[in-house]
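[1] Fold the following.
(one chain, ligands or ions: 2)
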Amino acid sequence: MIRPKTEEEIELLRINGELVSKTLAEVGKLVAPGVTTVKLNEVAETFIRDHGAVPSFKGFDGFPAALCMSVNDVVVHGFPSDRPLEEGDIVSVDCGTLYKGYNGDSAYTFPVGEVDAETRKLLDVTKASLYKGIEAAVAGNRTGDIGYAVQSYAEGFGFSVVRELEGHGVGKEMHEEPGVPNYGRRGHGARLIDGMTICIEPMICAGGRGVYLARNGWAVHTADHKNAAHYELTVVVRKGRAQQLSTFDYIEKDGSIKF
Ligand code: MG
Ligand code: MG
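    Residues are numbered from 1 along each chain as shown. Ligands and ions are numbered 1, 2, ... in the order given. Alright, predicted model coming up:
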């Protein structure tokens, strides 16, 4: 049985959610052709530490950086690198924080300059599939309802869903039960309960859903080397609509960065 979070715990998760949301927005302001992901990682780490938190990914199972930086055919878990971003690239930025013993975890895929129409569609559909998943994250539903919502939406556009990785519960640990797959059958999987905090994070491929692990043991690439996108938000399950504990508003609404 998964224990729902107390309101005090949810508030700490919300504070972490705010910080990861604002960190992603700080990174997003700098995403442009010529910038390296190493530089973006430095900016994020400084921003997180300046707010009294710790970048939770750094050192997690030996991960070397504050952010996962996954460019183009890298689905998730890429290392920051010295290769400058190029016009037309996409970069998926995954950010984790630890503050007062609780975790924040969110991700956003940014276009670098102008991207082609198919890539723009991949980004839009992946983000929309996340919101479809959130709509299904209602107490009494099951994780399969979330997975079904994400999968049926994304596949409806001819895209494919990575199966090897999934969303998760979040709290004192970065990854808690239940697993939250991005595919599934309605009415199957773990039951969602009021006060359960979960990260929903569709990983959607422009081509086939096959992936492989790079030799560094971290970066997950698409087998066909077509682009993949990744968006992630943290929510608390409620009896009605789930409440977002992180947001893309700071990225998408100009001038709203205040801490
Ligand atoms: Mg994440
Ligand atoms: Mg996550």
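[2] Can you pull up the residues of the stretch 151-259 of the chain that come close to ligand 1?
    Those residues of the stretch 151-259 of the chain that sit near ligand 1, judged by C-beta under 5 Å from the ion, are Glu232. All C-beta spots, glycine's among them, are computed from the backbone N, C-alpha and C.
[3] Quick check: the residue of the stretch 101-250 of the chain nearest ligand 1.
    With C-beta to the ion, the shortest gap between the stretch 101-250 of the chain and ligand 1 falls at Asp105, namely 4.2 Å.
[4] Thought Glu232 was touching that residue, still the case?
    Yes - under the contact definition of C-beta atoms under 8 Å, Asp105 touches Glu232, with a separation of 6.5 Å.
[5] what is in contact with these two at once?
    Asp94, Cys199 (C-beta atoms under 8 Å, 6 or more residues apart in numbering).
[6] Quickly list what the residue of the stretch 101-250 of the chain closest to ligand 1 is bridged to.
    Listed beta-bridge partners, Asp105: Gly96 (assigned using DSSP bridges).
[7] How about Val76?
    Val76 has these beta-bridge partners by DSSP bridges: Val220.
[8] Show the contacting residues for it.
    Each residue near Val76 by C-beta under 8 Å, 6+ apart is listed here: Cys68, Ser70, Ser92, Asp94, Ala107, Leu165, Met203, Val220, His230.
[9] wait, what's in contact with the last one?
    What that stands for is His230. Shown here is His230, whose contacts under the criterion C-beta under 8 Å, 6+ apart are Ser70, Val75, Val76, Ser92, Asp94, Ala107, Thr109, Thr126, Glu201, Pro202, Met203, Ile204.
[10] same check, this time on the second one
    When contacts are counted by C-beta under 8 Å, 6+ apart, Ser70 is found next to Val76, His77, Gly78, Val91, Ser92, Val93, Asp94, Ala219, Val220, Ala228, His230.
[11] Helix, strand, or coil at the third one?
    For Gly78, the reduced secondary structure class is coil; criterion used: DSSP: H, G, I helix; E, B strand; the rest coil.
[12] hang on, it packs against Leu213?
    No - here Gly78 does not reach Leu213: they are 11.7 Å apart, not a contact under C-beta under 8 Å.
[13] Show me which residues of this protein sit near ligand 2.
    Residues of the chain lying near ligand 2 (C-beta under 5 Å from the ion): Asp105, Cys199.
[14] re earlier: for Arg241, state which of the contacts of Ser70 is nearest.
    Using C-beta to C-beta, the shortest approach to Arg241 within the contacts of Ser70 belongs to His230, at 23.2 Å.
[15] State the pLDDT value of the closest one.
    As summarised for this prediction, His230 has a pLDDT of 98.
[16] what does the one 5 residues further on give?
    The predicted local distance difference test score for Val235 is 98.
[17] shaky segments in the stretch 51-200 of the chain?
    Low-confidence regions of the stretch 51-200 of the chain, defined here as pLDDT under 70, do not occur.
[18] Please enumerate the strands of it.
    In the stretch 51-200 of the chain, the strands defined using DSSP state E, counting those that start in this stretch lie at 54-55, 67-71, 74-76, 90-99, 102-111, 160-161, 167-169, 176-180, 197-200.
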